[in-house]
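**Q** Would you be able to build a 3D model of this:
(4 chains)
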Number of protein chains: 4
Amino acid sequence: MQLGVVGLGRMGRIVVDRVLDAGHDVVAFDIDEESVAAAADAGAEPADSVADLAERLGADKRIWLMVPAGDAVDAALEELGPHLDGDDVVVDGGNSHFEDSVRRAEATDAAYLDCGTSGGPAGADVGFSLMIGGPEAAYDELVPVFDAVATGPDGHARMGPAGSGHYVKMVHNGVEYALMQAYGEGFELLFEGRYDLDLEAVARTWNNGAVIRSWLLELCEEAFREEGSDLGDVADHVAGGSTGTWTVQEALAQEVPVPLIHGALAERFASRRGRFSRRLANRLRYGFGRHEVARR
Amino acid sequence: MQLGVVGLGRMGRIVVDRVLDAGHDVVAFDIDEESVAAAADAGAEPADSVADLAERLGADKRIWLMVPAGDAVDAALEELGPHLDGDDVVVDGGNSHFEDSVRRAEATDAAYLDCGTSGGPAGADVGFSLMIGGPEAAYDELVPVFDAVATGPDGHARMGPAGSGHYVKMVHNGVEYALMQAYGEGFELLFEGRYDLDLEAVARTWNNGAVIRSWLLELCEEAFREEGSDLGDVADHVAGGSTGTWTVQEALAQEVPVPLIHGALAERFASRRGRFSRRLANRLRYGFGRHEVARR
Amino acid sequence: MQLGVVGLGRMGRIVVDRVLDAGHDVVAFDIDEESVAAAADAGAEPADSVADLAERLGADKRIWLMVPAGDAVDAALEELGPHLDGDDVVVDGGNSHFEDSVRRAEATDAAYLDCGTSGGPAGADVGFSLMIGGPEAAYDELVPVFDAVATGPDGHARMGPAGSGHYVKMVHNGVEYALMQAYGEGFELLFEGRYDLDLEAVARTWNNGAVIRSWLLELCEEAFREEGSDLGDVADHVAGGSTGTWTVQEALAQEVPVPLIHGALAERFASRRGRFSRRLANRLRYGFGRHEVARR
Amino acid sequence: MQLGVVGLGRMGRIVVDRVLDAGHDVVAFDIDEESVAAAADAGAEPADSVADLAERLGADKRIWLMVPAGDAVDAALEELGPHLDGDDVVVDGGNSHFEDSVRRAEATDAAYLDCGTSGGPAGADVGFSLMIGGPEAAYDELVPVFDAVATGPDGHARMGPAGSGHYVKMVHNGVEYALMQAYGEGFELLFEGRYDLDLEAVARTWNNGAVIRSWLLELCEEAFREEGSDLGDVADHVAGGSTGTWTVQEALAQEVPVPLIHGALAERFASRRGRFSRRLANRLRYGFGRHEVARR
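**A** Coordinates of the predicted model:
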């Protein structure tokens, strides 16, 4: 099979390499020329533009977009538009909002698959988990590619119609926030608590047979090994938050209670600026009890 | 009626003044001699010691303890012990744990009333809210004193047997934490949000007819008036927490969900040191996504 | 001053009565003819339609809309449109989303005031709290009406430009949810806890001098008086939720942590259907510990 | 090595089998005679009583207690007491509170190891995760046994002094509650949300390469496979909670914020009876807004 890949950042490049390794052909494009050259060195056919990539693919195009969510996806689809027809298949492997994917699926002449991709750079070795939404026939057609990019046949599945792949990925990320915070609360209690513990040893022992063993816990173990039990100079600041925000927004729309996911997201927000609510509580304690006000 | 008052700090002094104002007699003691002298200037009979206070009261002693919760209450009771019999009544008006009050009620020869006191220094003018536990006869006996100290007849009531007064006060304080944090979240959203608002005007408008009007909201209004809508140099640090901790402990014992009260208490804890959980989340985002780690 | 009032439901009728009581003139319309007749009995001039109301007002119209948020507001504005010019003032006193109010303010020829109204039916006696957004001149013009409808001069204020009135009201309601849940947690602990308490007496004692006294707590006191300490047959089901949802949505947009407000909203959602998350936890306990699965 | 095992329930029996499989000798006792006979069939030497077990072990006894936390541990230690001296080692492999373990370590003549054991019945095949507190020399002495019972050398470690093993296990369980609830919130949103999803397929796809893959997620996959995506007749009721309660209690003592762990625990409490707080909120909405009260 021949696959066009648009977007050769860290994740796109992994797609290229895994598809090539599986014996397929790849036509590759990125706005960064060096990335294209590097992909060519790895065995991909380089393209000069999105249009050039489309032309090189001929009929029955299979194209994987791995560009940042948002305008970049729409821009790529606009460039591809004149070259696409109903025999073609476009996969959006990025972190798009599921409603954008529904809209794009309707607007595109090609069959459109929204593909939530999880596993991060580590997926280069073990493969990704791919959650895919869209037409069943298009999914079936692309199975050889998904087999190559995913951890294997169990690492990808069609979730349902358009948008369902990114929907499931969105919820995956909401859960991810809460899991990270849950481990964080546990390790915080161990760190601040009664015993002077080697947190790498704790995580390693847990990862070998305990109920809470997981890949995230393996990453905790790695973090303590590399940074020390006190996490060295790692700051009290957590970036990101868009997919967690989408998850809570959707939970509000569905009237589903998600206090842990919201709590984990709120913790990120709180890590990024002082909390006015605490300043007010500090002052109110003076108001009713004449407790001294801490000033800064 | 004649009342002995042990402990002449801010709250004890208010008790003295309100009881004197109501036309009763007061014998007053504190380990701080100046406080005793000041109470004497106000019309109280000064005592040199707890024992002296007990002797001056004669038979059928009525004694109000207004000392810090904990050892100070036990110390006062130990000194009083030899002077007490079953015709005497002791009121603990401090913030004691209800289990201590149950224990003390059993250990004391006198009738023992545990009295949760709310209202803070502002109670000097409007009177306190008094939540009282212990024998009904002793409560009835002390009604004239409670009428004087409380906002009036509706400002005090017998909740139930020993410990129930401090139990209700404990829960009061847990609720208080959550109310403060609830207002705090709202004002934080207004402060950080889309409009440049005069938060004193917001609070004043709310206090005049809105569903959420309250005394705490009047204190918010006062805080914004005195500190400005940005709360000036008031720090992101909230002291205190013992009664809130007791409330959550009791909720655990009773298997009652109190996520808001716990959340408000946790916010205080979080205001007092960096959060390890966030530092771990920051590092884990590198682990799975190679996102840059913020360092300090 | 002459005021047109569109919408004579419970809240609209209170506006009519309070404005008439203050000595102003009212022209009243509602799609329900009986409501119009009742308002006429109270002294208002009846109108047959929105258009008729507009014509009866003549130049410099002042019109108060008190219709359900959403389509009804747009419908009323569409009917009014041909009759309005820049000398007219329209007040939306309903629970509109602030973004709708911004949009309507831009689309309307008249000066547009968005007015968050709090206090509920009880406002008939004490007046409402009115949070108003829009042009300063229009607000100043309407002050006599606001004085009549609000608790008095302190019960209304201009918060800022278009949308700010409904914005502040939205946050007010989010805080309201959290306050209700905070009191609820406290009373739940008292109800389930160690002592057999008269919750009306608890609430009454708190309302007289305690730090947490408030109007909502007065309503708790009333609820326990009318339903009993066990709340009788009141169901474990909480309706509503739209303004709380808006508050959390806006907090997400502003990246402001609101775990208590979200928690209170989630509790409403949870009251309305079984929780799948618990069913999964129940089953998982079998998975790792062979604990018996509760079946229904 | 020869090991005495007291307590032959599901977990104790796994210890016996794994230690026998590793080529060691086992003397086994349980108050249930059939369990002793079954262990004897598997190759263990049966004992008639705790005292008999102690005598059969001779000098340098190594004894593993696998009895329910609480009184059963104290009872076993009391029976063992007269037979123990400083050359003996006792391991408590149950779910004891760490403070009990500290107390028992001080009260016992033998070296005492508190051993948190995680992995559940599934540990029969893969081995357990063992978190061990107590004297280093005793731990070193028992390493061959721990190697047999654990997943291997990385599945056990000495955490620190007396109590630290059960301390780390307590926190493990608190994290476990929060992880379960986090997955639960995600699957609840998927179940109630916009798409009709095969939740087993979702879990399987996630377990193959996704960031949130874990053993608990494998158990979710198994649950959906066996019960269906709607979890069939699995009830909205979660039993258990003691170790989670201990975790929150310790977090309160250490002033560490654990809103997610507390939230997960509160969800269990809430699954077990109606929520008074919601009933009050339902009634309060009538109080301020005359919204209809849902009755039961």
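**Q** partners of the helix or strand containing A:Trp64 in the sheet?
**A** Element membership of A:Trp64, judged by DSSP states H and E, is strand A:62-65. Paired with strand A:62-65 in the same sheet, following DSSP bridges, are strand A:2-6 (parallel), strand A:89-92 (parallel).
**Q** What average pLDDT does it get?
**A** Mean pLDDT, strand A:62-65: 98.
**Q** and what of stretch A:228-239?
**A** Regarding stretch A:228-239, the rounded mean pLDDT is 96.
**Q** Specify the next element, helix or strand, located C-terminal of the strand holding A:Trp64.
**A** Next along from strand A:62-65, by DSSP H and E: helix A:71-80.
**Q** Tell me the secondary structure at A:Leu190.
**A** Classification of A:Leu190 by DSSP: H, G, I helix; E, B strand; the rest coil places it in helix.
**Q** Is the helix or strand of chain A with the lowest mean pLDDT positioned near chain D?
**A** None of the helices or strands of chain A scores lower by mean pLDDT, DSSP states H and E than helix A:123-126, at a mean of 91. Yes. Using Cβ under 8 Å from any Cβ of the partner chain, helix A:123-126 reaches chain D at A:123, A:126. Backbone N, C-alpha and C define where each C-beta goes, glycine included.
**Q** what's that helix in contact with?
**A** A:11, A:14, A:17-18, A:117, A:119, A:151, D:209 (Cβ atoms under 8 Å, 6 or more residues apart in numbering or on different chains).
**Q** Tell me how many other residues surround A:Met1.
**A** 16 (other Cβ atoms under 10 Å in any protein chain shown).
**Q** what's the closest non-adjacent residue to it?
**A** Excluding its sequence neighbours, the residue lying closest to A:Met1 (Cβ to Cβ, 6 or more residues apart in numbering or on different chains) is A:His24, at 4.8 Å.
**Q** Check A:Asp60 too.
**A** A:Asp87 (5.2 Å).
**Q** so what pLDDT did the one you found get?
**A** In this prediction, A:Asp87 carries a pLDDT score of 96.
**Q** so what's it up against?
**A** A:59-61, A:110.
**Q** Buried subset of those, written for ChimeraX?
**A** Buried subset of the contacts of A:Asp87, written as a ChimeraX selection, criterion 16 or more other Cβ atoms under 10 Å in any protein chain shown:
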select /A:61,110
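**Q** Export the contacts of A:Asp87 to TSV and append columns for secondary structure.
**A** What follows is the contacts of A:Asp87, written out as TSV (three-state DSSP):
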residue	secondary structure
A:Ala59	coil
A:Asp60	coil
A:Lys61	coil
A:Ala110	coil
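**Q** Show the backbone phi and psi for the closest residue to chain D within chain A.
**A** Residue of chain A nearest chain D, by Cβ to the nearest Cβ: A:Ser214 (3.1 Å). Main-chain torsions, A:Ser214, degrees, to the nearest 10: phi -170, psi 170.
**Q** can you count the residues close to A:Ser35?
**A** 19.
**Q** Which residues are in contact with it?
**A** A:Ser35 sits next to A:8-9, A:13 when contact means Cβ under 8 Å, 6+ apart.
**Q** before we move on, what about A:Val16?
**A** Contact analysis of A:Val16 by Cβ under 8 Å, 6+ apart lists A:5, A:8, A:26, A:28, A:39, A:42, A:44.
**Q** Same question for A:Gln254.
**A** With contacts defined as Cβ under 8 Å, 6+ apart, A:Gln254 is in contact with D:189, D:192-194.
**Q** Enumerate the beta-bridge partners assigned to the most centrally placed residue in chain A.
**A** Taking Cα atoms, centre = their mean, the centroid of chain A lies closest to A:Ser118, which sits 5.2 Å from it. Beta-bridge pairing for A:Ser118 (DSSP bridges): A:Ser129.
**Q** what's the spacing between the host helix or strand of A:Glu185 and its chain's center?
**A** Here A:Glu185 sits within helix A:164-192, counting by DSSP H and E. Centroid displacement of helix A:164-192 relative to its chain, using Cα atoms, centre = their mean, to the nearest Å, is 13 Å.
**Q** Over to stretch A:245-265?
**A** Distance, centroid of stretch A:245-265 to centroid of chain: 18 Å (Cα atoms, centre = their mean).
**Q** same check, this time on stretch A:79-94
**A** The answer for stretch A:79-94 is 22 Å, by Cα atoms, centre = their mean.
**Q** before we move on, what about stretch A:197-215?
**A** Worked out by Cα atoms, centre = their mean, stretch A:197-215 lies 25 Å from the chain centre.
**Q** Next: stretch A:153-162.
**A** The answer for stretch A:153-162 is 16 Å, by Cα atoms, centre = their mean.
**Q** Of all the residues in it, which ones are buried?
**A** Neighbour-count burial for stretch A:153-162 flags A:155-162 (criterion: 16+ other Cβ under 10 Å).
**Q** what's the answer for stretch A:42-60, then?
**A** Those would be A:44-47, A:50, A:53-54, A:56-57, for stretch A:42-60 by 16+ other Cβ under 10 Å.
**Q** Other residues contacting stretch A:197-208?
**A** Here stretch A:197-208 has contacts from A:187, A:190-191, A:212-214, A:217-218, A:220-221, A:224-225, A:229, D:118, D:127, D:129-131, D:150-152, D:154-157, D:159-160, D:164, D:168, D:172, using Cβ under 8 Å, 6+ apart.
**Q** mind redoing it with 7 Å?
**A** Contact with stretch A:197-208 is made by A:187, A:190-191, A:212-213, A:217-218, A:220-221, A:224-225, A:229, D:129, D:131, D:150-152, D:154-157, D:159-160, D:168, D:172, as judged by Cβ atoms under 7 Å, 6 or more residues apart in numbering or on different chains.
**Q** Select from the residues you listed every entry located in helices.
**A** Judged by DSSP state H, those include A:187, A:190-191, A:217-218, A:220-221, A:224-225, D:168, D:172 as members of helices.
**Q** Where neighbours are concerned, which of those has the most?
**A** With neighbours defined as other Cβ under 10 Å, the most crowded of the ones in helices among the contacts of stretch A:197-208 is D:Val168; it has 31 neighbours.
**Q** hang on, that one packs against D:Ile132?
**A** No. If you go by Cβ atoms under 7 Å, D:Val168 and D:Ile132 don't touch, sitting 9.0 Å apart.
**Q** what is in contact with the two at once?
**A** Common contacts of D:Val168 and D:Ile132 (Cβ under 7 Å, 6+ apart): D:Met159.
**Q** if we can go back for a sec, buried only: go through the contacts of A:Val16 for me.
**A** Buried among the contacts of A:Val16 (16+ other Cβ under 10 Å): A:5, A:8, A:26, A:28, A:39, A:44.
**Q** Among the residues you listed, which one sits closest to A:Asp71?
**A** Taking Cβ to Cβ as the measure, A:Asp71 lies nearest A:Leu8 of the buried ones among the contacts of A:Val16, at 18.1 Å.
**Q** Can you classify the closest one by secondary structure?
**A** Put simply, A:Leu8 is coil when judged by three-state DSSP.
**Q** One more: the one 5 residues further on?
**A** Put simply, A:Arg13 is helix when judged by three-state DSSP.
**Q** what's it in contact with, if anything?
**A** A:Ala39.
**Q** wait, which of the contacts of helix A:123-126 is closest to chain C?
**A** The nearest one, if we look at the contacts of helix A:123-126 relative to chain C and count by Cβ to the nearest Cβ, is D:Gly209, at 21.4 Å.
**Q** related to what we said a few turns ago, give me whichever of the strands paired with strand A:62-65 is most buried.
**A** Of all the strands paired with strand A:62-65, strand A:89-92 has the most neighbours on average by mean count of other Cβ atoms under 10 Å in any protein chain shown, namely a mean of 28.
**Q** Next secondary structure after that strand?
**A** helix A:98-107.
**Q** list the helices and strands that following helix packs on?
**A** Applying 3 or more Cβ pairs under 7 Å, 6 or more residues apart in numbering or on different chains; DSSP states H and E, we find helix A:98-107 packed against strand A:111-118, helix A:164-192.
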